[in-house]
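S.K.: Quick one: sequence and predicted model below, then my questions.
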Amino acid sequence: MEGTFYSLIPAIVMLILVLLTRKVILSLGIGIIIGALFIHDFNILGSIQEIWKSFYEIFVLDGGLNVGNLLLLGFLLLLGMMIAFLQASGGSRAFGKWMLTRVKTRKGATLVSALLGIIIFIDDYFNALAVGQIARPITDQYKISRVKLAYIVDSTSAPITVISPISSWGAYIIGILGGIFAANGLTDMQPLQAFIQMIPLNYYAIAATLLVFLVAFFKMDIGPMRTHEERAIRTGELIDPKNNKIAGDLSGVFEPHPEGKVRHLILPILVLIIVTVLAMFLTGINNSEGNVNIFSIFANTDVNLSLFVGGLAAVLISLVFHINQNTPKASLGKLLIEGMKTMLPAIYILIFAWMIGSIIGTLQTGEYLAHIFDNLQVNVALLPFLFFIIAGFMALATGSSWGTFGIMLPIAAEVALVTDTSTLLPSLAAVLAGAVFGDHCTPISDTTILSATGSGANHIDHVLTQLPYAIIAAVVAMVGYLIVGFTNQVFLSFILTVGLLIVIGLGINYFHKKNA
């Protein structure tokens, strides 16, 4: 059944189940089972062996431990521990109080909130909860509506983490890319190298982030956001009094330490960044042969080892702070356990994504899809554009960016490699961008819920006020993917995409001033 119509069935079943159940792991699991059955012509024993093989090789490969995968999973657990330490230390609250004495204007409060979203990029969950809590005292003082803060938080969480290699998202995506490259025998490009080259191709993430700053500078309050902002300025009511029900405080697992300091937040994050980047350079230099330059370093760096070392260093510095804090403080055991538990869903999805990548590769699903594209006379230049739309729809329906990555990245890679290898990176970047777009538009997304919660905003109000901005960024992104698809010029498409966004921002600003 390899390379035939039947090779599509596992993917189709996964998509339907995801839409109907919104349970990504269940859908991936059933897709894995069906794919294994097709590979072995419904031989039960052979199918079980295929499933076990796809799982076993995640941890043991060629007779030895699959160290790269194990280090990546270890980093995610360490990241969860660090997030727990940062929340419980009181560092977030102390940082908010410190910033309150330094921000003097309404525009400044908006810009600081956006910058915090960029700085705290290690994880979307932590970003959504921490930035909202840090910035809320500042934005409340200057009568910025809670939905405006939620929009800023949401649009600087996933769009930043999806283009940052030193983050839970970056580690997850690099891990999927590693599995895809191994399954397709790609040896001329390393996963980290590909990830970095995809950053300027992630047009939605770039547009969504830049749009936040355009909103801050030009007061681009459009749609329902304008109503909320005008009411906040006029009456001081930061939440719609007719719809003031907000989600519970999901960050209340730990009571922040009353003696928390700014350094309890800043230093662990700086340690994570500095140690990880340093480890990347050292391992890249050590693994490079011949002429050592910046490209050879990133091409040969051991990103999984570097992330693990950086995460371990950050956890250790956080542990030192925890030990030196006076009582009352959270139990160390509870901190570690609860921190790791926050990362378990990501780990489960990553493992299942690795498995389905192996199954789809064996079934040659991409080759058959490429054959369909040829028969339908679909222009290869449209692939990035189409993958952006498909991934956006999937994330919109499921509320899961990571689930969309796990399902769509292997398929996009298979199609691109068979049709035109020059579309590989744009297509993969389009999947990442589309998934984040869909995530921003759906009310069932965890980051959407957490952004509203951390900001103290009504959940549905946040979805409705963010939607116009997400659509603007998506339109700009689609134009970018059409340009890069037809021209294959990354720099040109990047410049035109950013330029189009700025023109739209200036146009909206002019319209508002004219009708003020």
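M.R.: Now that the structure is in, tell me what you want to look at.
S.K.: now stretch 115-131, how far from the centre of its chain.
M.R.: Taking CA atoms, centre = their mean, to the nearest Å, one finds the center of stretch 115-131 at 11 Å from the center of the full chain.
S.K.: likewise stretch 54-65?
M.R.: 27 Å.
S.K.: now do stretch 490-501
M.R.: The answer for stretch 490-501 is 22 Å, by CA atoms, centre = their mean.
S.K.: Repeat that for stretch 98-106.
M.R.: 29 Å.
S.K.: For that stretch, which outside residues touch it?
M.R.: Residues from elsewhere that reach stretch 98-106, judged by CB atoms under 8 Å, 6 or more residues apart in numbering: 109, 112, 134-135, 137-138, 141-144, 262. Using the backbone N, CA and C atoms, a C-beta is placed for each residue, glycine as well.
S.K.: for stretch 130-140, same thing?
M.R.: With CB under 8 Å, 6+ apart, stretch 130-140 has contacts from 86-87, 92-93, 95-97, 99-100, 103, 109-110, 112-113, 116-117, 120, 146, 148-150, 152-153, 156-157, 238, 251, 265, 451, 453-456.
S.K.: Could you give me the ChimeraX syntax to select whichever of those are buried?
M.R.: Filtering the contacts of stretch 130-140 down to the buried ones (16 or more other CB atoms under 10 Å) takes a single ChimeraX command:
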select :86,87,92,93,95,96,99,100,103,109,110,112,113,116,117,120,146,148,149,150,152,153,156,157,238,251,265,451,453,454,455,456
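S.K.: now, which of the contacts of stretch 130-140 lie within helices?
M.R.: 86-87, 92-93, 95-97, 99-100, 109-110, 112-113, 116-117, 146, 148-150, 152-153, 265, 451, 453-455 (DSSP state H).
S.K.: circling back: got the contacts of stretch 98-106 as TSV, with secondary structure columns?
M.R.: Output for those, formatted as TSV (DSSP: H, G, I helix; E, B strand; the rest coil):
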residue	secondary structure
A109	helix
V112	helix
I134	helix
A135	helix
P137	helix
I138	helix
Q141	helix
Y142	coil
K143	coil
I144	coil
V262	coil
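S.K.: what's the farthest-apart pair in those residues?
M.R.: K143 and V262 (25.4 Å; CB to CB).
S.K.: in the chain, which helix has the most residues?
M.R.: As assigned by DSSP H, the longest helix anywhere in the chain is helix 332-363.
S.K.: Check which helices and strands it sits against.
M.R.: When contacts are defined as 3 or more CB pairs under 8 Å, 6 or more residues apart in numbering; DSSP states H and E, helix 332-363 packs onto helix 9-21, helix 24-39, helix 44-59, helix 67-88, helix 168-183, helix 303-324, helix 401-419.
S.K.: who wins for proximity to T276 among those helices?
M.R.: helix 303-324 (3.0 Å).
S.K.: just the helices and strands packed on helix 332-363: most buried one?
M.R.: Comparing those by mean neighbour count (mean count of other CB atoms under 10 Å), helix 401-419 ranks first with a mean of 25.
S.K.: orientation of it relative to helix 9-21 in degrees?
M.R.: Counting by axes from the mean of the first three to the mean of the last three CA atoms, to 10 degrees, helix 401-419 lies at 150 degrees to helix 9-21.
S.K.: Next, the angle from helix 401-419 to helix 332-363.
M.R.: Going by the same axes, to 10 degrees, helix 401-419 makes 30 degrees with helix 332-363.
S.K.: Quick check: next helix or strand after helix 401-419?
M.R.: helix 424-441 (DSSP states H and E).
S.K.: just how off-centre is that following helix within its chain?
M.R.: 10 Å.
S.K.: avg pLDDT for it?
M.R.: The average pLDDT within helix 424-441 is 93.
S.K.: neighbours of the spatially closest residue to I199 that is not a sequence neighbour, just the number please.
M.R.: Nearest in space to I199, with sequence neighbours left out and distances taken as CB to CB, 6 or more residues apart in numbering, is I163 at 4.7 Å. I163 has 26 neighbours, counted by other CB atoms under 10 Å.
S.K.: Can you tell me the SS state at I163?
M.R.: Per three-state DSSP, I163 ends up coil.
S.K.: What's the per-residue pLDDT of it here?
M.R.: Predicted confidence (pLDDT) for I163: 92.
S.K.: next one: the one 5 residues further on
M.R.: At S168, the predicted lDDT confidence score is 72.
S.K.: after the worst-scoring helix or strand of the chain on mean pLDDT, next one along is what?
M.R.: Sorting the helices and strands of the chain by mean pLDDT, DSSP states H and E puts helix 365-375 at the bottom, at a mean of 61. As assigned by DSSP H and E, the chain's next helix or strand after helix 365-375 is helix 383-398.
S.K.: Mean confidence (pLDDT) on that following helix, please.
M.R.: 85.
S.K.: mind saving the C-alpha coords of it as PDB?
M.R.: C-alpha atoms of helix 383-398 as PDB (Å, rounded to 0.1, in the frame of the first residue of the first chain):
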ATOM      1  CA  LEU A 383       2.800  24.700  -1.900                       C
ATOM      2  CA  PRO A 384       3.800  27.100   0.900                       C
ATOM      3  CA  PHE A 385       0.600  29.100   0.500                       C
ATOM      4  CA  LEU A 386      -1.500  25.900   0.600                       C
ATOM      5  CA  PHE A 387       0.300  24.400   3.600                       C
ATOM      6  CA  PHE A 388      -0.200  27.700   5.500                       C
ATOM      7  CA  ILE A 389      -4.000  27.500   4.900                       C
ATOM      8  CA  ILE A 390      -4.200  23.800   5.700                       C
ATOM      9  CA  ALA A 391      -2.200  24.100   9.000                       C
ATOM     10  CA  GLY A 392      -4.200  27.200  10.000                       C
ATOM     11  CA  PHE A 393      -7.500  25.400   9.500                       C
ATOM     12  CA  MET A 394      -6.200  22.300  11.500                       C
ATOM     13  CA  ALA A 395      -5.000  24.400  14.400                       C
ATOM     14  CA  LEU A 396      -8.200  26.400  14.400                       C
ATOM     15  CA  ALA A 397     -10.300  23.300  14.700                       C
ATOM     16  CA  THR A 398      -8.100  21.500  17.200                       C
END
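S.K.: And that helix, what does it pack against?
M.R.: helix 9-21, helix 401-419, helix 424-441, helix 459-487.
S.K.: How about residues contacting the first one?
M.R.: If I follow you right, that is helix 9-21. 23-24, 26-28, 30-32, 34-35, 38, 356, 359-360, 363, 365, 394, 397-398, 400, 403, 407, 411.
S.K.: picking that back up, quick one: the longest helix of the chain to helix 24-39, angle?
M.R.: 30 degrees.
S.K.: so how far is N304 from S113?
M.R.: In this view, S113 and N304 are 33 Å apart by CB to CB, to the nearest Å.
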